[in-house]
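# sequence first, predicted coordinates after that:
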Amino acid sequence: MIGEVVLSITNIKKSFGTNHVLNGIDFEIHQHEVVAMIGASGSGKSTLLRAIILLEQIDDGQIILAGEDISDPRIDEDKTRAKIGIVFQNFNLFPHKTVLENVSMANRIVHKMPREEAEKIGMEMLERIGIAEKAKQYPDRLSGGQQQRVAIVRAIASNPQLLLLDEITSALDPQLVGEVLDLVVDLKKAGSTILMATHEMSFARSVADRVVFLHNGRIEEEGPPEQIFGDPQRDATKEFLSRLRI
């Protein structure tokens, strides 16, 4: 059963000077759906994610999150960002904060939760991903895979309506990729609503409910993974996938 619409994007456009990065993007994400965005570097994936979380101001179009127009310039940006979790490829943990402090900060500072309650939630989540023993350590004492798992936990600790994942395995050694992707599988099973940009085609094929192929700032093709990877309809999609030899 398809859930209610969590995110609706209409005719999103964004340029940097003469470089038209987003050329009219339209799509929706429903509750509990996992959508994977694929495409070559520079196709607009990261810019779109940054626009959704209001780190990039769009030139035109509309972004609706849970019925609210968050592209309205009068919107409270901090309040809006509190409803969205995002994980970048380079972890972005606070180096001067312990692991537990990193994962409990959003609930304490943004959601005004008492420290004891926020840290209790943080510890429970660290236990779930198997690194509770690292709670008092600083990020530089963790492996890259552990740091990225902590970054994901930090993003979901406040139970966001939407989770954005931006190439979260790109900065990892190959042997660490699996442990991070396993956590995303767990999030899917738990019912998270996820929009992810990824170069991990086999992962997108096995986990995503829908795949969106971006090409030259447009959605060239979208559909179920078995159709996009097994029977692509557009020439640009076929060419992109053929270069990957999947």
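In hand now; what should we look at?

# when you work out contacts or count neighbours from here on, use the C-alpha atoms and nothing else.
OK.

# now do the strands in the protein.
Counting by DSSP state E, the chain has strands at residues 5-16, 19-30, 34-38, 60-65, 68-69, 84-87, 162-166, 194-197, 210-215, 218-223.

# could you give the mean pLDDT of the first one?
Mean per-residue pLDDT for strand 5-16: 96.

# for that strand, the distance to its chain's centre please.
Relative to the centre of its chain, strand 5-16 is centred 15 Å away, using Cα atoms, centre = their mean, to the nearest Å.

# tell me which strands it pairs with, and in which orientation.
Under the criterion DSSP bridges, strand 5-16 sits next to strand 19-30 (antiparallel), strand 60-65 (antiparallel) in its sheet.

# and that strand with strand 162-166, angle?
Here strand 5-16 points in a direction 40 degrees away from that of strand 162-166 (axes from the mean of the first three to the mean of the last three Cα atoms, to 10 degrees).

# contacts for strand 5-16?
Residues from elsewhere that reach strand 5-16, judged by Cα atoms under 8 Å, 6 or more residues apart in numbering: 20-31, 57-67, 161-162.

# just name the shakiest helix or strand of the protein by mean pLDDT.
Sorting the helices and strands of the chain by mean pLDDT, DSSP states H and E puts helix 174-189 at the bottom, at a mean of 85.

# report the buried residues of that one.
176-177, 180-181, 183-185, 187-188 (16 or more other Cα atoms under 10 Å).

# that one - contacts with which helices or strands?
helix 144-156, helix 201-207 (3 or more Cα pairs under 8 Å, 6 or more residues apart in numbering; DSSP states H and E).

# CSV for the ones you listed, including mean neighbour count?
Output for those, formatted as CSV (neighbours: other Cα atoms under 10 Å):
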stretch, mean neighbour count
helix 144-156, 24
helix 201-207, 17
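
# tabulate the ones you listed in TSV, adding columns for mean pLDDT and distance to residue 110.
Converted to TSV, the helices and strands packed on helix 174-189 look like this (pLDDT from 0 to 100; distance: least, Cα to Cα, whole Å):
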stretch	mean pLDDT	distance to residue 110
helix 144-156	89	12
helix 201-207	90	31
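
# could those helices be laid out in CSV, adding distance to residue 91?
Putting the helices and strands packed on helix 174-189 into CSV (distance: least, Cα to Cα, whole Å) gives the following:
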stretch, distance to residue 91
helix 144-156, 5
helix 201-207, 20
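
# C-alpha coordinates for the least confident helix or strand of the chain, CSV please?
Taking C-alpha atoms only, helix 174-189 is exported to CSV below (Å, rounded to 0.1, in the frame of the first residue of the first chain):
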residue,chain,number,x,y,z
PRO,A,174,35.4,-0.9,-0.1
GLN,A,175,35.5,-3.3,2.9
LEU,A,176,33.5,-0.7,5.0
VAL,A,177,30.7,-0.1,2.5
GLY,A,178,28.7,-3.2,3.5
GLU,A,179,28.3,-2.3,7.1
VAL,A,180,26.9,1.1,6.2
LEU,A,181,24.5,-0.2,3.6
ASP,A,182,23.3,-2.9,6.0
LEU,A,183,22.2,-0.1,8.3
VAL,A,184,20.2,1.5,5.5
VAL,A,185,18.5,-1.9,4.9
ASP,A,186,17.6,-1.9,8.6
LEU,A,187,16.1,1.6,8.3
LYS,A,188,14.0,0.5,5.3
LYS,A,189,12.7,-2.4,7.3
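
# quick one, it and helix 144-156 angle?
20 degrees.

# what's helix 174-189 in contact with?
32-34, 129, 144-145, 148-149, 169, 194, 203, 207.

# now it against strand 34-38, angle please.
140 degrees.
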